[in-house]
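>>> Sequence first, then the predicted structure:
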Amino acid sequence: MALTLETFLFISIFLFSFSSPFTSAQNHPLDPLTPTEFIQIQAIIKQSQTDLNHNLTFQYVGLDEPNKQTVLSWHSSNQTTQLPPRQAFVVTRIKKQTHETIVDLSTSSILSSRVYTGSGYPLFTSEEQEIAADILPFKYPPFIKSIRRRKLKLEEVVCSDYTVGWFGERKNNKRELKIRCFYLDGTVNLYVRPIEGLILVVDIDEMKITKYYDRFIVPVPKVDGIEYRSSKQKPPFGPSVHAVTIAQPDGPGFKIDGHTIRWANWNFHLGFDVRAGPIISLASIYDAEKDELRRVLYRGYVSEMFVPYMDPTEEWYQKTPFDSGEFGFGLSAVALEPMTDCPANAVFMDGYVTGQDGKPIQYSNVFCVFEKYAGDIMWRHTELAIPNRVITEVRPEVTLVVRMVSTVGNYDYIVDWEFKLSGSIKVGIGLTGVLEVKGAPYTHTDQIKEDAYGTLLADYTIGTHHDHFFTYHLDLDIDGDQNSFVKSKLETKRITDHSSLRKSYWTVVKETAKTESDAKIKLGLKPAEFAVVNPNKKTSVGNNVGYRLIPGLITSPLLSDDDYPQIRAAFTNYNIMVTPYNKSEKWAGGVYEDRSRGDDTLVTWSARNRNIENKDIVLWYTLGFRHVPCQEDFPVMPTLSSGFELRPTNFFSSNPVLKTRIPKPVHWPNCTST
């Protein structure tokens with residue numbers, strides 16, 4: 001009997017349901033807060049208020065992780081000792097003040113509380129953004145008048161919010177958002193139909209419009225050719241491919257125990273945070289030769305994302321968002337779609353955040369976890385040198401992927417953590433979605449006589465130049481937490497003594513960074529390799545065990561150092577930085593990113609130039625994309641991907657996947673894809 005593709009997929013899901021990777025949940029010190037704990041936190045905070053007449057909003061609620069040594073002690077005991085007390089870090093706003101509170105959930109008490117008086121403000125809540133963009137403009141008579149003056153339909157107007165940044169103001173700034181608006185009228189691709197010349201400024205604490213500008217009118221870009229929904233496409237269609245899927249008749253090869261994931265030789269914890277999104281913790285790999293589970297990564301996540309646009313005009317100059325610290329990479333996460341965002345064999349996990357009122361909100365399918373096989377080769381060799389014999393050995397590459405997608409306004413960011421049997425961790429980031437475009441009076445490049453700050457993509461549509469910088473916090477613990485950062489410079493050596501017919505060669509000169517300033521690296525200037533090693537542990541032949549950073553795209557900022565957005569994002573001036581571990585140093589741009597002044601960042605911490613040799617250290621890596629838009633990016637952008645790899649270097653005694661067995665082939669008799 002020939003099976004249809006639909007029947008095949010049904011059988012695959014049916015079999016999968018009988019071999020679920022989930023087991024009973026077990027508490028873990030790094031588990032994200034649960035809905036019950038969010039409700040408990042809300043009650044504790046509210047009960048502590050002496051004046052209930054003032055509006056209380058929850059801006060950030062997340063796990064206040066236990067001290068690292070406490071977690072490691074619990075972990076090394078094979079999780080048999082008592083769990084450390086559960087604590088939460090809570091940021092609230094009351095009477096236009098920012099309050100920091102540490103809540104002890106085990107005793108339902110407040111351990112500490114203070115009013116933050118420094119520069120910068122906490123994350124914006126979803127509710128604040130919705131009121132500012134979706135409600136206030138449409139009750140504001142001058143805005144309504146401006147829309148009518150442009151002969152546009154008010155019911156077809158949609159608005160979006162943007163941070164205002166800091167540009168040298170000395171007095172305390174207000175919490176504000178700038179509002180830009182777009183026009184639908186026949187499309188859902190709103191971001192490519194901006195209504196230029198209109199800007200509203202909303203005071204978020206007062207929740208009212210305080211400034212309004214209607215400076216000029218340019219045509220709204222046309223609706224033709226901007227549709228991206230499959231159901232709305234018309235001939236001629238693009239290329240088609242035959243049906244493809246992955247089948248695992250024995251079920252998934254990984255187990256999920258609460259938030260701990262075990263697969264092949266890997267064991268790690270997956271957390272979720274409203275600001276960081278996915279957090280990978282206690283990633284350890286089993287070494288068969290040593291019969292030992294060896295730790296590689298204590299904690300890894302996206303610490304900040306900086307996206308400066310290159311248009312200095314009045315309506316655009318402030319567009320330099322710090323998407324993680326201002327809007328929340330986790331808060332902006334979206335539900336993953338089975339069979340499209342993730343393959344048929346994926347398992348999905350939910351996450352939770354708090355609303356502005358402190359109540360938990362469920363994010364369904366925020367993660368997917370799946371085994372990936374894309375026809376890649378893990379290793380191979382064909383031996384042809386032996387007379388009358390040909391020997392070929394090939395091992396297919398099967399990996400485990402953890403994925404999240406965060407949609408921050410117009411852009412969709414695909415975040416992957418991929419674990420390989422060889423011991424490598426590949427971290428991927430993909431950019432897709434819709435470009436941020438500017439309405440302009442041009443229909444051809446010949447009409448442009450001045451700097452348009454971007455590329456003409458279609459009639460009246462400029463795609464603005466911009467960058468994307470992702471700064472990762474990578475607390476590597478290579479076989480323990482006493483590590484060093486080693487820079488291996490590749491230097492050219494001249495042969496001058498006539499000992500060879502060669503005139504030159506290159507060699508490796510290793511330098512161990514002693515202080516933070518020694519480890520500030522701008523990639524691409526000189527050839528070098530970079531590794532975190534454990535100087536206290538060596539292989540049998542005498543090499544320090546370690547993991548190497550293999551960088552992705554090498555992109556450095558082009559803004560001047562004294563430009564205000566770059567002052568705030570000075571941590572992007574270096575691709576690599578290394579600091580001693582400090583529990584409080586989590587966010588590269590500071591705890592309070594909105595309207596910050598660059599006075600509490602990775603750069604200011606590292607200015608202390610602390611000792612980092614043979615210490616518990618954190619590697620900070622900044623990956624960048626420089627985006628000069630092109631017509632292929634319009635009206636929706638094909639995914640642009642990059643990433644980096646953490647790869648074993650003398651960590652194992654030899655090839656750790658030499659004895660890996662080839663997966664059994666999957667046979668589906670009499671099965672067709674028609």
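Done, it's in. Note that the structure is a prediction, hence the values are computed from the model and not measured.

>>> these two touch, right, Pro219 and Thr461?
No - at 9.9 Å, Pro219 and Thr461 do not qualify as touching, with contact defined as Cβ atoms under 8 Å. (C-beta placed from N, C-alpha, C; glycine too.)

>>> ok, the two, which is more surrounded?
When Pro219 and Thr461 are compared for neighbours, Thr461 comes out ahead with 28 against 15, by other Cβ atoms under 10 Å.

>>> Show the backbone phi and psi for the more buried one.
phi -130, psi 110 (degrees, to the nearest 10).

>>> So for it, what's the pLDDT?
With respect to pLDDT, Thr461 scores 96.

>>> what does Gly238 give?
pLDDT for Gly238: 87.

>>> Domain ranges for this structure, per the record?
For the chain, the domain assignment from automatic domain parsing gives the residue ranges 31-116, 126-232, 254-649.

>>> Distance to Thr245 added to these, as CSV?
Compiled in CSV, the domains of the chain are given as follows (distance: least, Cβ to Cβ, whole Å):
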stretch, distance to Thr245
domain 31-116, 31
domain 126-232, 19
domain 254-649, 5
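
>>> Next, the residue most central in space within the chain: secondary structure please.
The residue lying closest to the centre of the chain (Cα atoms, centre = their mean) is Val302, at 4.5 Å. Using DSSP: H, G, I helix; E, B strand; the rest coil, the structure places Val302 in strand.

>>> low-scoring pLDDT stretches of the chain, where are they?
The model of the chain has pLDDT under 70 over residues 1-20, 22-26, 668-674.

>>> That one: helices as residue ranges?
Ranges of helices within the chain are 5-17, 35-47, 68-76, 126-130, 141-149, 564-568, 602-606, based on DSSP state H.

>>> Of all those helices, which one comes closest to Thr92?
The closest of these to Thr92 is helix 35-47. By Cβ to Cβ, the value is 6.4 Å.

>>> I figured Leu200 hits Lys178, correct?
Yes - if you go by Cβ under 8 Å, Leu200 and Lys178 touch, sitting 7.1 Å apart.

>>> Those two - which one has more neighbours?
Set Leu200 next to Lys178 and count neighbours by other Cβ under 10 Å: Leu200 wins out with 25 against 20.

>>> Next one: the closest residue to the more buried one other than its chain neighbours from Phe370, what distance?
Spatial nearest neighbour of Leu200, excluding adjacent residues (Cβ to Cβ, 6 or more residues apart in numbering): Ile179 at 4.1 Å. Counting by Cβ to Cβ, to the nearest Å, the gap from Ile179 to Phe370 is 39 Å.

>>> So for these two, which sits in the more crowded spot?
Between Ile179 and Phe370, Ile179 has the larger neighbour count (other Cβ under 10 Å), namely 23 against 20.

>>> residues in contact with the more buried one?
By Cβ atoms under 8 Å, 6 or more residues apart in numbering, Ile179 lies in contact with 132-133, 136-137, 159-162, 199-202.

>>> what are the bridge partners for it, then?
Applying DSSP bridges to Ile179 gives these bridge partners: Asp161, Leu200.

>>> do Asp104 as well
Gln87, Ser109.

>>> and it, what is it in contact with?
By Cβ under 8 Å, 6+ apart, the contact set of Asp104 is 85-87, 110-111.

>>> Just the buried residues from the residues you listed, in ChimeraX please.
Here is the ChimeraX command that selects the buried residues among the contacts of Asp104 (16 or more other Cβ atoms under 10 Å):
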select :86,87
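
>>> Pipe the contacts of Asp104 into JSON lines and attach distance to Ile576 per row.
Formatted as JSON lines, these follow (distance: Cβ to Cβ, whole Å):
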{"residue": "Pro85", "distance to Ile576": "35"}
{"residue": "Arg86", "distance to Ile576": "34"}
{"residue": "Gln87", "distance to Ile576": "32"}
{"residue": "Ile110", "distance to Ile576": "39"}
{"residue": "Leu111", "distance to Ile576": "36"}
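
>>> circling back to that earlier point, unless I'm mixing things up, the residue nearest to the centre of the chain is touching Ala276, no?
Yes - between Val302 and Ala276 a contact is recorded at 5.8 Å, counting by Cβ under 8 Å.

>>> Give me the common contacts of these two.
324, 329.

>>> picking that back up, would a markdown table of the helices of the chain with distance to Arg626 be doable?
Listed next are the helices of the chain as a markdown table, based on distance: least, Cβ to Cβ, whole Å:
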| stretch | distance to Arg626 |
| --- | --- |
| helix 5-17 | 40 |
| helix 35-47 | 40 |
| helix 68-76 | 36 |
| helix 126-130 | 28 |
| helix 141-149 | 35 |
| helix 564-568 | 15 |
| helix 602-606 | 21 |
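
>>> just so I know, which of these lies nearest Gly62?
Comparing the helices of the chain by their distance to Gly62 (Cβ to Cβ), the top pick is helix 35-47, with 10.2 Å.

>>> quick one: buried residues of the closest one?
Buried positions in helix 35-47, judged by neighbour count with 16+ other Cβ under 10 Å: 37-38, 40-42, 44-45.

>>> Check stretch 203-217 too.
By neighbour count with 16+ other Cβ under 10 Å, stretch 203-217 contains the buried residues 203-205, 209, 214.

>>> Can I get those residues in JSON lines including distance to Pro656?
Compiled in JSON lines, the buried residues of stretch 203-217 are given as follows (distance: Cβ to Cβ, whole Å):
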{"residue": "Asp203", "distance to Pro656": "58"}
{"residue": "Ile204", "distance to Pro656": "52"}
{"residue": "Asp205", "distance to Pro656": "55"}
{"residue": "Ile209", "distance to Pro656": "61"}
{"residue": "Asp214", "distance to Pro656": "64"}
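
>>> Among the residues you listed, pick out the one closest to Val244, please.
Ile204 (47.0 Å).

>>> Now that closest one. Nearest residue, chain neighbours left out?
The shortest distance from Ile204 to any non-neighbouring residue, by Cβ to Cβ, 6+ apart, is to Arg175 (4.2 Å).

>>> For Val296, see how far away the one you found is.
40 Å.

>>> Which of the two has more residues huddled nearby?
The neighbour count for Arg175 versus Val296, taken as other Cβ under 10 Å, is higher for Val296 (24 against 20).

>>> Okay, the more buried one and Leu476: tell me how far apart.
According to Cβ to Cβ, Val296 stands 7 Å off from Leu476.

>>> which residues do the two both contact?
Between them, Val296 and Leu476 share the contacting residues 547, 646, judged by Cβ under 8 Å, 6+ apart.

>>> residues in contact with the residue lying closest to Phe268 once chain neighbours are set aside?
Spatial nearest neighbour of Phe268, excluding adjacent residues (Cβ to Cβ, 6+ apart): Ala283 at 3.9 Å. Residues counted as contacts of Ala283 (Cβ under 8 Å, 6+ apart) are 266-269, 295-297, 300, 419, 425.

>>> what's the most distant pair in the buried residues of helix 35-47?
Pairwise distances across the buried residues of helix 35-47 (Cβ to Cβ) peak at 12.4 Å, for the pair Glu37 and Ile45.

>>> How about the contacts made by Ala333?
Going by Cβ under 8 Å, 6+ apart, Ala333 touches 277, 351, 363, 366, 404-407.

>>> neighbour-wise, which of those leads?
Met404 (27 neighbours).

>>> Phe306 versus that residue, what's the distance?
Counting by Cβ to Cβ - Met404 and Phe306 are separated by 19 Å.

>>> Equivalent analysis for Lys234, please.
Distance from Lys234 to Phe306, counting by Cβ to Cβ: 39 Å.

>>> And Asn650, by the same measure?
34 Å.

>>> do Pro142 as well
Where Phe306 is concerned, Pro142 sits at a distance of 33 Å (Cβ to Cβ).

>>> Kind regards, and thank you for your time.
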